[in-house]
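*Asks:* how would this look folded up:
(chains A, B, C and D, ligands or ions: 4)
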Amino acid sequence: MEYVIEMLNIRKEFGNFVANDNITLQLEKGEIHALLGENGAGKSTLMNVLFGLYQPEGGEIRVRGKKVDISDPNVANSLGIGMVHQHFMLVENLTVTENIILGNEPKKMGMINIKDSAKKVAEISKLYGLDVDPYAKIEDISVGMQQRVEILKTLYRGADILIFDEPTASLIPQEIDELIAIMKKLIIEGKSIIIITHKLQEIMDVSDRVTIIRKGVGIGTVTTAETNPEELATLMVGRQVTFKTEKGPSFPTEEVLKIQDLFVEDYRGVVKVKGLNLSVRRGEIMGIAGIDGNGQSELIEAITGLQKVKSGKITINSNDVTGKKPRKITETGIGHIPQDRHKHGLVLDFTVGYNAVLQTYYNKPISRKGIMDYKKVSEKAKKIIEMYDVRCQGENALARSLSGGNQQKLIIGREIDRNPDLLIAATPTRGLDVGAIEFIHQKLIEQRDHGKAVLLISFELDEVMNVSDRIAVISDGKIIDIVNPEETTESELGLLMAGHSKDQMIVVGDEVVLKEGEDRNV
Amino acid sequence: ACGTDKAKDTEKDTEKEDTTTAPEVNEGAISIAMVTDTGGVDDKSFNQSAWKGIQDYGKENGLEKGDGGYDYLTSTDMADYEANINRLAHRDFDLIYGIGFLLKDAIETVAQQNPETNFGLVDEESEVANVASIMFKEQEGAFLAGVAAARMTKSNKIGFVGGMEIPVIERFHAGFVDGVAAVNPDIKVDVQYTGNFDKAEDGKAAANRMYSSGVDIIFHAAGGTGNGVFSEAKERKAADKDAYVWVIGVDSDQYEEGKVGDENITLTSMLKRVDIAVKLTAELAAKGEFPGGTITTYGLADDGIELADSRGAIPDDILAEIETFKEKIVSEEIVVNKDPKAKK
Amino acid sequence: MSNRVINLLVPIISIILGLLVGAIVMVASGYDPVKGYIALFDGIFGNVYSMGETVRQISPYLLAGLAVAFAFRSGLFNIGVEGQLIVGWFAAAYVGVAFDLPKMIHLPLALIAAAVAGALWGLVPGILKATLRVHEVIVTIMMNYIALHVVNALIKAVSGSYKTDKIHPTASLRSEFLSNLTNFSTLHYGIFVALAMVGVTWFILEKTKTGFELKSVGFNDHASKYAGMNVNKNIVLSMVISGALAGLAGAMEALGTFGYMASLSGFTGIGFDGIAVALLGANTPLGVVFGATLFGSLKYGSGNMPNAAGIPLEIVSIVIALIIFFVASGYIIRVALGRLNKKKEAK
Amino acid sequence: MSFLELLYFIVPITISYAAPLIFTSIGGVFSERSGVVNIGLEGLMVMGAFIGILFNLMYVDTFGAWTPWLALIAAMLVAAIFSILHAVASITFRADQVVSGVAINMLGIAVALFSVKMIFGKGQTDFIQKSIPRFNVPILHEIPVIGPLFFKGIYGSSILAIMVALIAWFIIYKTPFGLRLRAVGEHPMAADTMGINVTRLRYIAVIISGGLAGIGGAIYSQTMTNDFGHATINGQGFMALAAMIFGKWHPIGAMGAALFFGFAQALAISAPGIPFLANVPTVYLHILPYVLTILALAGFIGRANAPKASGQPYIKGKRL
Ligand SMILES: Nc1ncnc2c1ncn2[C@@H]1O[C@H](COP(=O)(O)OP(=O)(O)OP(=O)(O)O)[C@@H](O)[C@H]1O
Ligand SMILES: Nc1ncnc2c1ncn2[C@@H]1O[C@H](COP(=O)(O)OP(=O)(O)OP(=O)(O)O)[C@@H](O)[C@H]1O
Ligand SMILES: [Mg+2]
Ligand SMILES: [Mg+2]
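*Replies:* Ligands and ions are numbered 1, 2, ... in the order given. Okay, here's the model as predicted:
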């Protein structure tokens, strides 16, 4: 078989830390090759070496059989290697076209030839079925669209070896389906692909082979058709992993959160929540399923007091909190794991300890009469680090130096530790490996079992189905139905999320589909 | 006080004798030094003039620059005043000048701490026994400048650009307005204070406004801001050789500053002869007649204030008329106003 | 080499490098660097008088540096320390002149007046930033000029002259004791006020919950808002405290060094130097002590270079600027030290 | 003064006040757009002002009427070279950009004054004989109203300033270089992965800012003071910084802000000729430009966002 890429015995060190220890990865022409490993195993590092962002300390790279020295991304580009990064490399205030042509701009009399560029972008996107508006600004388009721009960037440069670093972590299910379709199309067009993902099912669905690394060491490569998710997980983690989170029945008691006829605008002044009613009780996990942009963010912001309520009423533990200040609301018993952990969840330049008390620093025992007791801060931090298995170099390490998964564990620990009556968890497991996900799910269920309420917002059907006791489906700013996960299928849920009601569906075999004559209004 | 110092001084001079070949050192000479205000020693204004006086005295008496001879220190900010004066006192100069009204407190403080040393203060009044105050009647010179302007104007519009509204500048202002009025009470003097001494662009804009509104002669008392007045006038002259625009300079002879090719737009300058006053005070001190505790005010009468050579810009008949006014002032027939607000 | 040693070495190496380049400049322009540096050294440590003056010079730098540093810690760039200092200077001088009170009341009152005046001057950009998101850099630059002109007009209005009267001794920071101790230098109790404020700012930043909030807002205002902090309140508070510190720097001049205020023809420069002082000290209160000491000593001592060696004092500004460069470029010094270290270990 | 006369006076003054600020603030735009904060504009202007005068004095006999223009080029070159210090410190040595800028300011004035003392033996230079002249734009200045407002008695340097603003706009928004510049200031790592040399681009931007600030300083010294001394550039660089922020890091915006400052200043200075302002106490006039600026910012300009990466050194591979 012909290898387009051979990374042989790659070694990469950061100071005294070995991130990649003699890892070998071989990519066949026309295959989709998955790269699997826990958070921090060294996957991104390996790919950054391939893309020329890092220089390896050892090993060699062959491209199409020829030994190469990829000293910077330019070299990678000219070798036909393109990379879609884990954190998008897009300039937010530039347009789609500008981002794509950046560094390789068609010129006309010294000026950028934007028209031709946009045309070319449109052509390529049509060829691969990537639907984008060449003139839209990045900051105005959805995450899925941004990712398509990233892919276009590589295609525009004529890449035929594509690296995708966790491309699905921030996509909604529909977008994931589209991406998979795109990848398959790319293979047909003769490209080869390396994909990093934590979702084992995706690996099973798209990949031809899988290379697994554990703590910087290459474990080996297996053929997808000859393996299964359980085996992959075991190889990756080094122990048995349970998939379906164990959870007993729920025993809901009194109501914690009650939302009546709520209307909320987003920061642009567009009404996003339109007459929403919801009630969450102690002892249950209420999942919110819906397509991104249907009012989820605004709903959370309204509950937590970060966005003004236009009309309607929110009560927590029978206290009317409508229009109250965030802190007042928090104090009525809310914990909140925000969707964007870097922007809202943590002060990255604070230590782990400071972050651990970000919600409680102003109260006894952390502070007394306005004076902080930093001994108590350390104690609290140590407790959270231990109980939630936050891997870091102690409570004085900067939050910035933690891996994403550990940052998330820190936030979860901080919020649960306050013992809130209602825990709002927004996409709490995004980008985490299966081990970490399992751990977080357990914590949410524990909360419930202690008689607390949990509101789980997630775009991953799997997660909502597995963890929730009830699922409220949100569409266009309203809860259109509340279903029991035991009695619902994923396809039914998908249709509900797309805005269809139950009486528009029928069951055919074990699939739920739309009745004849009903439009798919996705 | 002087006697003891002199003894020390001669000691020093003899020490120096073998290293330097100073030409006939005047035995009775004293060592003198000065501290500038933040303008620096070459501000083309009173610091420069004072330094000239000190150098003149030093050279005439065969002194060397440095300890035991003559020297200066520059202040870069207000906090330097006292420190600099102290440094000089520590170096045992016999007579130390503070140049500028801002140095009053510093001079007084150090003077009280060093009763054996003599101090001079320019532009402010002090009653401390070992401080001689040197004041100037700027208004008298400004008056003559006003006369010149009033006679030379063709448009009967005259301007005055001042820096900050502080007493010295107001004396210029008052005297100038007085002088103009003495010739022709109908001439309106367009007065503008820019509020600074270091913004040439403001001086320039003010001059532009004045010239644009028909003013043809501007007297400035605005330090660096006045640079802008000159540059505006020069541009007008450069653009049109026949343009009738003039500037009257201040403190030192600003003829050089007015050159536009072969032309010159400096009408005259009002000179403040700090050099004469400084030298004179030193000579008194050397004679043991140091005027400590008293205020000496220099004016037209003692050539402490005068108009610079106009180099032909002002015709002789007008010069004669100016001379007449000068005599009237010297004889105190005319007493020039020194406060612009005290309207007569 | 431990991290601690390196942290200490970086500024020391920077100072040496700065002096070295300064020496080269002196040689190149025909001056004797040895004589020059002896003059500089004498200017700082030569006798008790210079030492007194050096310490006196350090006091306003301490406060100005603290003011800049404090704002920086909450993410604000206060270029307005200069203006806040000027209004503080005037307020202290005014209170010192206008009232007749026992020292126990008068001096604190004058200090408070200065702090309040500076605080008010900081309040304007603070409020504009908090409510309208107007960039504080522009507003503080404008407020500097406004302070200059307004104070000059006020001096004239209250005293009828270009300067205020002398403050009453009851409001003075001057001390016979300190002055005698240092051979009549103008050293005054202000240094203790300044050091006390170092303690106070350190305490606020490192010990109080307000400090926790201010730093949090400075690093990430979004997360702070999520954590229930009042971001706008903290912005205003930070500017107010920063302004108060700057106002106190003005009080040093009013109640200590000068005992009056005279019309200013331009900025004092202390406020701008405060930026360098703060940043030299990495915006920590203790670092500011280092920055102010370095800055104040060199600034004051430089006056002795034309005095004792006939060298233009600009050479010292060049040296100071170079030192700042080198300290700021500490990264490269660290890299060099690291290499050196490795080599040594290899041996 | 009639209203029109007032305008005939204020508009040209506004433009001449603004010219040095336009150059310098656009220099700032280039630097900050690339992600390097340049608070050292003041020091760079000082350098330019000094070199402009020095060159003018030295070569006026050789170059005659061309001298002030060639002096601008000399000032541009020297200030550009001087700005490399800032680039080295803040880009290569990863220094705090504000600190490095402060050092540039100190160094600029110190080096310039030190040189003046070495060369002239005194605290300021002599006066130049050939300053930048004012002229009437042929034909255009005869257009009624517009002519006297914009084309009569103006400095070539003012026209240059406006042209530079337009050219800067063109470069930043229409050329590949501009696109890269904006990308680097916003998201250097993204630019890096696209094969753009972040370091090189930032060096170029800082050097451009040095050159433009140098020209700004030289225009100032050759139109306003005609000599160079310690107070020649006194806060102009900081005003340019303010203009850049006021103009939202946009060259045309910066030009607008500089013109606004110029206008406010011209208005204050011309107040004695304006009936209803003539009797206002001078202190109000002196603070007028600054108060107007604050009001304008508070009133209708509102929030401005700096380029996202400005102020941060770019370190390859650093996690976001
Ligand atoms: N710039 C860096 N400096 C120092 N260490 C680094 C750096 N980047 C990565 N590492 C180290 O390399 C290890 C591997 O990181 P990498 O980003 O490759 O993990 P990953 O497998 O991509 O994880 P994830 O699945 O969460 O994306 C990390 O655990 C970290 O310790
Ligand atoms: N620039 C860096 N300096 C020091 N350590 C780093 C750096 N970058 C990464 N690390 C280390 O890398 C480890 C994991 O990094 P990594 O990027 O793999 O996180 P992650 O698990 O991929 O998070 P996520 O995928 O959610 O962003 C952390 O433990 C951290 O200490
Ligand atoms: Mg990662
Ligand atoms: Mg990764």
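*Asks:* Buried ones in stretch B:290-297, by neighbour count?
*Replies:* B:Phe290, B:Pro291, B:Gly292, B:Thr296 (16 or more other Cβ atoms under 10 Å in any protein chain shown). Just so you know, the C-beta spots here come from the backbone N, C-alpha and C atoms, and that holds for glycine as well.
*Asks:* Actually, stretch B:204-215.
*Replies:* B:Lys204, B:Ala205, B:Ala206, B:Ala207, B:Asn208, B:Arg209, B:Met210, B:Tyr211, B:Ser212, B:Ser213, B:Val215.
*Asks:* Which strand or helix spans the fourth one?
*Replies:* In this case it means B:Ala207. Using DSSP states H and E, B:Ala207 sits within helix B:200-212.
*Asks:* export the next helix or strand after that helix as PDB, just CAs?
*Replies:* Later in the chain than helix B:200-212, the nearest helix or strand by DSSP H and E is strand B:217-221. Coordinates of the C-alpha atoms in strand B:217-221 are reproduced here as PDB (Å, rounded to 0.1, in the frame of the first residue of the first chain):
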ATOM      1  CA  ILE B 217       2.600  94.300  14.200                       C
ATOM      2  CA  ILE B 218       2.600  91.800  17.000                       C
ATOM      3  CA  PHE B 219       4.600  92.100  20.200                       C
ATOM      4  CA  HIS B 220       5.100  88.700  21.800                       C
ATOM      5  CA  ALA B 221       6.000  87.800  25.300                       C
END
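*Asks:* now what about strand B:217-221, what contacts it?
*Replies:* B:142, B:145-146, B:149, B:152-153, B:158-163, B:168-169, B:172-173, B:176, B:203, B:207, B:210-211, B:226, B:229-230, B:233, B:245-250, B:267, B:270 (Cβ atoms under 8 Å, 6 or more residues apart in numbering or on different chains).
*Asks:* Just these: which are in helices?
*Replies:* B:142, B:145-146, B:149, B:152, B:168-169, B:172-173, B:176, B:203, B:207, B:210-211, B:226, B:229-230, B:233 (DSSP state H).
*Asks:* Reformat the buried residues of stretch B:290-297 as CSV; add distance to ligand 4, pLDDT and secondary structure.
*Replies:* Listed next are the buried residues of stretch B:290-297 as CSV, based on distance: Cβ to the ion, whole Å; pLDDT from 0 to 100; DSSP: H, G, I helix; E, B strand; the rest coil:
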residue, distance to ligand 4, pLDDT, secondary structure
B:Phe290, 85, 94, coil
B:Pro291, 86, 94, coil
B:Gly292, 84, 91, coil
B:Thr296, 85, 95, strand
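*Asks:* quick check, nearest of the residues you listed to ligand 1?
*Replies:* Within those, proximity to ligand 1 (Cβ to the nearest ligand atom) peaks at B:Gly292, which comes in at 74.5 Å.
*Asks:* coming back round to it: which ones, among the buried residues of stretch B:204-215, also lie beside ligand 2?
*Replies:* On the criterion Cβ under 6 Å from any ligand atom, none of the entries of these sits beside ligand 2.
*Asks:* Tell me which two in those residues are the farthest apart.
*Replies:* The most widely separated members of the buried residues of stretch B:204-215, counting by Cβ to Cβ, are B:Lys204 and B:Ser213 (15.0 Å).
*Asks:* Okay, now the unreliable bits of chain C?
*Replies:* Along chain C, segments meeting pLDDT under 70 span C:1, C:347.
*Asks:* Pick out the residue of it closest to ligand 2.
*Replies:* Closest point on chain C to ligand 2, by Cβ to the nearest ligand atom, is C:Tyr331, at 14.8 Å.
*Asks:* Run a quick check on that residue versus D:Asp96, I expect a contact.
*Replies:* No: look at C:Tyr331 against D:Asp96 with Cβ atoms under 8 Å: they stay out of range, at 9.9 Å.
*Asks:* So between the two, which is more surrounded?
*Replies:* D:Asp96 (24 against 17; other Cβ atoms under 10 Å in any protein chain shown).
*Asks:* mind listing what A:Gln147 touches?
*Replies:* A:Val84, A:Phe88, A:Pro167, A:Leu171, A:Glu175, A:Leu179.
*Asks:* Run a quick neighbour tally on the first one.
*Replies:* It refers to A:Val84. 25.
*Asks:* The second one now?
*Replies:* Other residues within reach of A:Phe88 by the criterion other Cβ under 10 Å amount to 18.
*Asks:* For B:Tyr70, list each beta-bridge partner.
*Replies:* The partner list for B:Tyr70 in beta bridges (DSSP bridges) reads B:Ile32, B:Lys65.
*Asks:* tally of neighbours for it?
*Replies:* There are 26 residues near B:Tyr70, going by other Cβ under 10 Å.
*Asks:* got it, and C:Phe177?
*Replies:* Around C:Phe177 there are 10 residues (other Cβ under 10 Å).
*Asks:* Quickly note the distance from it to chain D.
*Replies:* The gap separating C:Phe177 from chain D is 35 Å, by Cβ to the nearest Cβ, to the nearest Å.
*Asks:* Could you pull out the buried residues of the lengthiest helix in chain C?
*Replies:* In chain C, with assignment by DSSP H, the single longest helix is helix C:103-132. Buried residues in helix C:103-132, counted by 16+ other Cβ under 10 Å: C:106-107, C:109-130.
*Asks:* That helix: what's the following helix or strand?
*Replies:* Next element after helix C:103-132 (DSSP H and E): helix C:136-159.
*Asks:* between that next one and helix C:103-132, what angle do the directions make?
*Replies:* Here helix C:136-159 runs at an angle of 140 degrees relative to helix C:103-132 (axes from the mean of the first three to the mean of the last three Cα atoms, to 10 degrees).
*Asks:* I'd like to know which elements helix C:136-159 is packed against.
*Replies:* Packing partners of helix C:136-159 (3 or more Cβ pairs under 8 Å, 6 or more residues apart in numbering or on different chains; DSSP states H and E): helix C:81-98, helix C:103-132, helix D:236-246, helix D:282-296.
*Asks:* buried set for that helix?
*Replies:* C:136-156, C:158-159.
*Asks:* now stretch A:482-494
*Replies:* A:Val483, A:Pro485, A:Thr488, A:Thr489, A:Glu492, A:Leu493, A:Gly494.
*Asks:* List of residues touching that stretch?
*Replies:* Defining contact as Cβ under 8 Å, 6+ apart, one finds that stretch A:482-494 is touched by A:173, A:287, A:289, A:461, A:464-466, A:468-473, A:496, A:502, A:505, A:510-513.
*Asks:* List buried residues within those residues.
*Replies:* Buried among the contacts of stretch A:482-494 by 16+ other Cβ under 10 Å: A:173, A:287, A:289, A:461, A:464-466, A:468-473, A:496, A:505, A:512-513.
*Asks:* What about these, which are in strands?
*Replies:* Within the buried ones among the contacts of stretch A:482-494, residues falling in strands by DSSP state E are A:Gly287, A:Ala289, A:Arg470, A:Ile471, A:Ala472, A:Val473, A:Met505, A:Val512, A:Val513.
*Asks:* tell me the SS of the closest residue to A:Ser207 other than its chain neighbours?
*Replies:* Excluding the flanking residues, the one nearest A:Ser207 by Cβ to Cβ, 6 or more residues apart in numbering or on different chains is A:Ala34, at 3.9 Å. Following DSSP: H, G, I helix; E, B strand; the rest coil, A:Ala34 is assigned to strand.
*Asks:* From what I see, D:Ala110 and C:Ser317 are in contact.
*Replies:* Yes: taking contacts as Cβ under 8 Å, D:Ala110 lies within contact range of C:Ser317: 3.5 Å.
*Asks:* and for the two, which residues touch both?
*Replies:* In contact with both D:Ala110 and C:Ser317: no residue, using Cβ under 8 Å, 6+ apart.
*Asks:* Let's see the pLDDT reported for A:Asn16.
*Replies:* Predicted confidence (pLDDT) for A:Asn16: 81.
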